[in-house]
Each structure stands twice: as structure tokens, then as C-alpha cells.
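>>> structure of the sequence below:
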Amino acid sequence: MLRRIGDKIINPQKIHKVIDEVLEMRVRGLSQQEIANRVGIDRTVISRLETLGEVRKGGRIALIGFPIKNCDELAAMARQEGVDYCLLLSEKERWDFVESKSGVELFNTIMEIIGTLRSYDLVIIICSNMRIKLIEALLDKDVIGVQIGESPINEDKYVKPESIRAIIRQLHF
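Sure, this is the predicted structure:
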């Protein structure tokens, strides 16, 4: 829908398209000045756009947890907070994950997940006390454990999204 501002007719879709292109170029590593020269705007406009859209500063965060009752709710909160990697499973999903793979496939998949987690600056893990200790030992980086019970946990646990959001917002690294 076009908008009239004084004697100008403005196409908001055109503005959104340029902003998307600018952000995509920034993700690919171009500097603000390089993009400003390509798009024909001032570099400070790009800087201010980034400031307007900034969710948080800091390193890359991974969030994993199981068995979680409200996976979708937590995943939505994680997206809102800019969490870079999210793996949340209910008890049923956890068993389906294990039972759907051969021993070698399961081993390889778990090793891939561990490798992926090692590429993040910080890992938040929501699970039993035993799993938290195991993940801390496997990853040589900062791990924040959120214990939802004593091991073994055999049923889904509800996790308050606001409690995890509060942890994420306190991070300054």
C-alpha cells in the first residue's frame, strides 16, 4: 500500500526491500561504508538501522533442553532473544530421536551436535543434574545449566520462558 506524505507518494515495500538487502550484505560481512556506497545512502543510516533492530550484543548462544513440555514456547522466546541455535525436545521426541537411528547413526549425530555446540560462545542447557554435568565436561566453554530435576527425568517439564529470557538478558560477553 502506498502512503502519501505531503506531496510525496511513498512505497513502504521498496523501503523494506532495501533494508533487507542492507542487512543481508551486513550478514555477509560488508562494512557499513561499502554498503552505503552501493545503495546510495549515508553510512550513519545503516548504523542507526542496526541500533534500532538490535536485540542484544555479545557472542553466539546455543540453547538445548530435554525433556521439555513447552518446546515451541521456549523456541519462540529464543528466536525473539536472538539465540543462534536451539535444540529442545520433549520426552517423546527424545526417544523418537534415539530409536529412529542405528547405533552408528546415533553416535555420529550426537558427535555432530557436540561439534556444533562447541562452535558457540555460550551454551544454556535445560535438563537433569546429571546431563548438565555431562555437557559441562564435554564442552570446553561457558555452560549455564538450568536444572529441571534429578536424573533420570522421565516426563516433560514445563520451563518458564521468562526465567530463560532473564538469563539471556543478563549475559554480557
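>>> which residues of this protein fall in helices?
According to DSSP state H, the chain carries its helices in the segments 12-27, 32-39, 43-53, 71-80, 91-99, 103-118, 129-138, 161-170.
>>> now do the fifth one against helix 71-80, angle only.
Taking axes from the mean of the first three to the mean of the last three C-alpha atoms, to 10 degrees, helix 91-99 and helix 71-80 form an angle of 90 degrees between their directions.
>>> re the thing from before, out of the helices of the chain, which is closest to Gly6?
Gly6 lies closest, by C-beta to C-beta, to one member of those: helix 12-27, at 15.7 Å. (C-beta placed from N, C-alpha, C; glycine too.)
>>> which helices and strands sit right next to the closest one?
helix 32-39, helix 43-53 (3 or more C-beta pairs under 8 Å, 6 or more residues apart in numbering; DSSP states H and E).
>>> list the buried ones in stretch 50-68?
By 16 or more other C-beta atoms under 10 Å, the buried positions in stretch 50-68 come out as 61-68.
>>> could you find the closest non-adjacent residue to Arg118?
Of all residues not flanking Arg118 in the chain, Leu139 sits nearest, at 5.9 Å (C-beta to C-beta, 6 or more residues apart in numbering).
>>> I'd guessed the one you found sits against Leu117; true?
Yes: with contact defined as C-beta atoms under 8 Å, Leu139 reaches Leu117; the gap is 5.8 Å.
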